[in-house]
Structures are given as C-alpha cells and as structure tokens.
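Engineer: got a structure for you, letters missing:
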Ligand SMILES: CN(C)CCSCc1cc(N)cc2c(=O)[nH]c(N)nc12
C-alpha cells in the first residue's frame, strides 16, 4: 500500500516538524486534527475549519456506518464530496466506538457484532469490513487498522492478550487493505502501560511491513497525564523515526504539548468543540467558562492573540450572553475559536521546534498553567 512521503524538516530533542504528503494535500506536523464524527465538525462550516489552519479532519467509521450508512455514502460520492472537505481525512476503524457507544456487543476472533445505539439495528465490524468501509466506501486518505482498545486498568496478562488480538487484526487489516496508490493504513500500537508490551507491539507492527504510520492507542482511557507521559517516554523511541506517530484521542493542550515534546506528530480530540458547546474557552492560561458572571460586562475579545474572526470579533460579554441565553451562535463561536486556538498552539510549537526553542516553550507553557 501507499506509504506517503513524510519529510522531517527540523528536530529539537525528541520533537520534530514534518510534512506528510497525502494525495489530497500536505499535512504539517505536529498537527491537530479536528474531529468530524458524523461528517461534520460540530457547529463549524468546513471553510471555517480550513481557515483555522487545519490540514486534516477525522471521520468515524462507527457513526457513519450506522447513519447515513457506508454504502449510501459511497453512492453519494464518498465522504469528502458528501461533507465538502477537499483536504485529507483520517477515519478511525470503529472498534473503539463500539465499546464506548453500542450495547449488546458480541466479540470474537472474527470481529464484533453489535446493535446500533441509534435504532438497535444489528451490525458487525471486522478487520475486513472496517477496511472496506474506510478505504472503499468512505474513501479516507488515512485509514486505521481494526484494533481493540485495551481497557484500563488491565493486568499484564490481559494487556498481552488484547495486544496480540490487535496484532492479528492488524495483519488482516493489511491483507484486506492491499496496495493502494493514494491511501495509507496506520497501525495502532497497544500494550496498556507496560513497557515490554508497548515495545513488543511496536516492533511486531513494524515487522509486518507496509504501514504508513503508527498510532499509539490505548491511552487517554483514564490512566492520567503522568502515566500517559511515561508510556510515551518508552513508546515513541520504539517507533520508526521516519514515519508519523499519532496519539489517538488526545487531548487537552498540556497533554499535546508534553506529547509533542516526546516526539508525537498527530493528535485528535473532541475537546475544542465538545467543551465549546458547554461554554468552555481554551487559552494558554487554561480553560475558563464564559458563563461566569465576571464576563457579563467584559468587552474584550475572546482572545486577541488568536488570528480568527471568532476570537477577535466577538466580546466575552456577547458570548456570555449567547451561552446563557442558550443561543446556538454562542456554541458556534466557541467551537470555532477553540479549534483556532488548538491550531494556533500547533503552529507556535512548530515554530519553536524550528527555532530550537521548544524547551523554553514547554517550560513557559507549564508555568502559565500554575
Ligand atoms: C474522534 N476521536 C475521539 C476518535 C478517534 S480516536 C479514538 C480512540 C481514542 C483512544 N483514546 C484510543 C483508541 C484506540 O486505542 N483505538 C482506536 N481505534 N481508537 C481510539
């Protein structure tokens, strides 16, 4: 299959900047990927998402296969055409969402049978079906192997069993994905918080050959910030330096900063839009909630340092009013601003790496949160 060119431009310690060249456009890394679960980045037009500087967005196999349906999406020209996003898209393989959303699941070596959390209809996912949905029907540029996200906490034995299953499912994913000129498949490394298992999962994924990148799964599942950083300390060095590393489902700005520092290149998280819908505004000093009374007459913009109309045009008092009044524009403005803030954070880290100033950036960022 395709292994997209990944050019490393600068390094600073374990951190690096790069460009992942996909058939639908280049991704500057470290990159934050806004989440477009149901073919929409909730409350934000795709043109606005593009203007924030996002190069790539995420779609979710689980949600889209249930509604509108993978075969229907294919009949409608595929996911990019359907939602109007012309750049690269990455889709998750679906297994994670089965465990977090669906009921009445039956798991076997073959795959997983489950009922839709929407209408109770019966569905199945397997490595083969997940590849068919992602690559053939949705047309994702970057597809994820079908895996099992190991529960946390797990014993070493449970983590090994789960890791071995993901490795076998990865082999079947590679087989079904086959050789495609314009699409690539990422592995997902498991092993929970155990160093020996993480190193083994990485090495055995690499030895299968053919993956275009390596995701670190099984984190952001309740282990906490310190444990996540410790796992990255020994997992990143176990992965090839010349391929992208994607930390799935992460995270808050401090999680992203510490992970970039340790050599991670790609991130996705629902925080900017989900927290925005509840009034949360992200900034270097940590999030604040615009609903608070202190903002009722604060005429300053949401964040003058972020180059985005949402951040610079609207006052805190106005957005405070909108959120308190449950006006949908409030959720839209905050979602747009938060995505722009995350993109601005990635751009500042890319610049810091290029200037060999990431240590100072991270130190300052940590201090700003105290
Ligand atoms: C929109 N995003 C939250 C969904 C994409 S990331 C989902 C996701 C999150 C986390 N934390 C771990 C895993 C994991 O181990 N495997 C898979 N396939 N997906 C994962």
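Structural biologist: Happy to help now that I have it. Quick caveat: nothing in here was measured; it's all calculated off a predicted structure.

Engineer: pLDDT below threshold where in this structure?
Structural biologist: 1 (pLDDT under 70).

Engineer: what does it put close to the ligand?
Structural biologist: Residues of the chain found near the ligand (C-beta under 6 Å from any ligand atom) are 35, 37, 58, 60, 92-93, 95-96, 144, 147, 149, 188, 217-221, 248-249, 268, 270. Backbone N, C-alpha and C define where each C-beta goes, glycine included.

Engineer: tell me the contacts of the residue nearest to residue 350 when sequence neighbours are not counted?
Structural biologist: Spatial nearest neighbour of residue 350, chain neighbours left out: residue 17 (4.9 Å); criterion: C-beta to C-beta, 6 or more residues apart in numbering. Residue 17 makes contacts with 8, 9, 10, 28, 29, 30, 350, 353, 354, as judged by C-beta atoms under 8 Å, 6 or more residues apart in numbering.

Engineer: after the host helix or strand of residue 338 comes which helix or strand?
Structural biologist: Secondary structure from DSSP states H and E places residue 338 in helix 328-354. Where DSSP H and E defines the elements, the next helix or strand beyond helix 328-354 is helix 358-369.

Engineer: Now do the buried residues in that next one.
Structural biologist: For helix 358-369, burial by neighbour count (16 or more other C-beta atoms under 10 Å) applies to 358, 361, 362, 365.

Engineer: The first one touches residue 10, doesn't it?
Structural biologist: This means residue 358. No - Residue 358 lies out of contact with residue 10 (C-beta atoms under 8 Å); the separation is 9.8 Å.

Engineer: Setting aside sequence neighbours, what's the nearest residue to the residue of the chain positioned farthest from its centre?
Structural biologist: In the chain, counting by C-alpha atoms, centre = their mean, residue 297 sits farthest out from the average C-alpha position, at 36.0 Å. What sits nearest to residue 297 in space, not counting adjacent residues and going by C-beta to C-beta, 6+ apart, is residue 317, at 5.5 Å.

Engineer: And the strands in the stretch 101-250 of the chain, which stretches?
Structural biologist: Counting by DSSP state E, counting those that start in this stretch, one finds strands in the stretch 101-250 of the chain at the ranges 103-107, 112-115, 122-125, 142-144, 184-189, 213-216, 245-247.

Engineer: so what's the residue nearest the centre of the chain up against?
Structural biologist: Central residue of the chain (C-alpha atoms, centre = their mean): residue 268, 1.9 Å from the mean position. By C-beta under 8 Å, 6+ apart, the contact set of residue 268 is 32, 33, 34, 35, 58, 90, 246, 248, 249, 250.
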